[in-house]
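Novice: how would this look folded up:
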Amino acid sequence: MNHPSRKKVIISWIIEVLLLVLQLFTFYLYIPLLPYKKGKKGTILIVTDILTPPFFYFIMRHYFKKSDYQVFFYYCYNPFVSIYKHSQRLSQKLTQSDLKKITLIGHGNGGLISLSLSDEARKKIHRIITLDTPFWGSQIYRYLTFLPIFKDIVPRSEYLLTYKMNALLYEEFYPIVAWQDEWIFPETLLKFGQGRDIILDIPGRLNLILHFENIQTLVQFCDQFFIQKTTKSAPLKSKTSKKTQKT
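Specialist: This is a model prediction of the structure:
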């Protein structure tokens with residue numbers, strides 16, 4: 001892809017910085033979003049990033065709801081719980097639910113949860129779409145390894161070495177990445193590789209879930225997998241007037 005214009009990059013980074021400041025001051029506002037269960041097109045399960053308040057996903061929820069999807073959430077919020085423990089909790093929720101053929105959208109580190117799901121839970125997921133998921137880790141997190149969840153995300157961590165290739169076990173796997181991500185260093189760690197990565201030209205991890213252009217692209221990307229059946233309406237009968245003949 002071509003590099004985005006300088007103007008677009010500058011504006012996108014300004015927005016991203018403002019969103020990061022907002023996240024910094026509101027990360028403690030843990031108020032879960034209600035699931036939307038009335039959609040008929042397909043089932044979306046959004047797995048959130050670490051320390052990202054649920055309301056950051058409100059716009060994404062709104063657009064998927066508007067497009068007639070069921071929308072559910074798993075919040076990968078608590079940094080004191082390891083990725084593997086989060087994965088066990090999600091596995092339990094999935095095996096106890098009636099959901100099938102799920103499209104799992106994992107944002108950031110939340111995408112790593114899908115890698116170590118139980119076999120029974122994995123069977124309920126048809127495709128995974130990851131948004132800036134650090135399959136190869138990030139050097140930034142090496143300063144935070146005293147917290148269980150960050151210990152799993154440093155390059156060559158035991159978790160990543162054991163499970164990162166499990167993404168290929170799913171029927172469909174689509175890693176979507178921003179042109180640049182402020183939390184992935186070096187930048188080469190951002191992409192999954194193997195020619196699978198879909199690169200969006202707006203930088204910033206929070207922009208992936210809050211920038212209208214990115215959300216619309218994501219919804220349209222999902223729409224291609226859910227072709228709605230159109231019902232054929234019966235042909236309209238023409239009304240003919242009966243002419244009375246005068247005898």
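
Novice: secondary structure element holding residue 24?
Specialist: helix 6-26 (DSSP states H and E).

Novice: what is the neighbour count of residue 196?
Specialist: Around residue 196 there are 13 other residues, counting by other CB atoms under 10 Å. From N, CA and C alone the C-beta is placed, and that goes for glycine too.

Novice: which non-adjacent residue is nearest it?
Specialist: Among residues not flanking residue 196 along the chain, residue 175 sits closest, at 5.6 Å (CB to CB, 6 or more residues apart in numbering).

Novice: mind listing what's buried along the helix holding residue 24?
Specialist: In terms of neighbour count (16 or more other CB atoms under 10 Å), helix 6-26 has its buried residues at 9, 12, 13, 15, 16, 19.

Novice: returning to what we had before: and the residue nearest to residue 196, what is it in contact with?
Specialist: Contacts of residue 175 were listed using CB atoms under 8 Å, 6 or more residues apart in numbering, and they are 129, 130, 133, 135, 167, 191, 192, 196, 197, 198.

Novice: that one belongs to a helix?
Specialist: No. With DSSP: H, G, I helix; E, B strand; the rest coil as the criterion, residue 175 is strand rather than part of a helix.

Novice: can you list the buried residues of helix 6-26 in CSV and add pLDDT and distance to residue 35?
Specialist: What follows is these, written out as CSV (pLDDT from 0 to 100; distance: CB to CB, whole Å):
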residue, pLDDT, distance to residue 35
9, 90, 36
12, 94, 30
13, 94, 33
15, 95, 28
16, 95, 28
19, 95, 24
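
Novice: adding distance to residue 109, write those residues out as a markdown table.
Specialist: Shown next, in a markdown table, are the buried residues of helix 6-26 (distance: CB to CB, whole Å):
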| residue | distance to residue 109 |
| --- | --- |
| 9 | 24 |
| 12 | 21 |
| 13 | 21 |
| 15 | 21 |
| 16 | 17 |
| 19 | 17 |
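
Novice: ok so, going back, just checking, what packs against the helix holding residue 24?
Specialist: helix 207-210 (3 or more CB pairs under 8 Å, 6 or more residues apart in numbering; DSSP states H and E).

Novice: what sits up against stretch 141-148?
Specialist: The set of residues external to stretch 141-148 that reach it, using CB under 8 Å, 6+ apart, is 79, 80, 81, 82, 85, 150, 151, 153, 154, 155.

Novice: hmm, back to that, mind listing the residues bridging to the residue nearest to residue 196?
Specialist: When bridges are called by DSSP bridges, residue 175 pairs up with residue 130.

Novice: about what we covered before: among the contacts of residue 175, which are located in strands?
Specialist: For the contacts of residue 175, membership in strands holds for 129, 130, 198, with DSSP state E as the criterion.

Novice: isn't the first one right up against residue 110?
Specialist: I take that to be residue 129. No. Counting by CB atoms under 8 Å, residue 129 does not reach residue 110; the two are 11.5 Å apart.

Novice: same drill for the two, tell me which one is more crowded.
Specialist: Neighbour count, other CB under 10 Å: between residue 129 and residue 110, residue 110 has more, with 27 against 23.

Novice: shouldn't that one be within a strand?
Specialist: No. Using three-state DSSP, the secondary structure at residue 110 is helix, not a strand.
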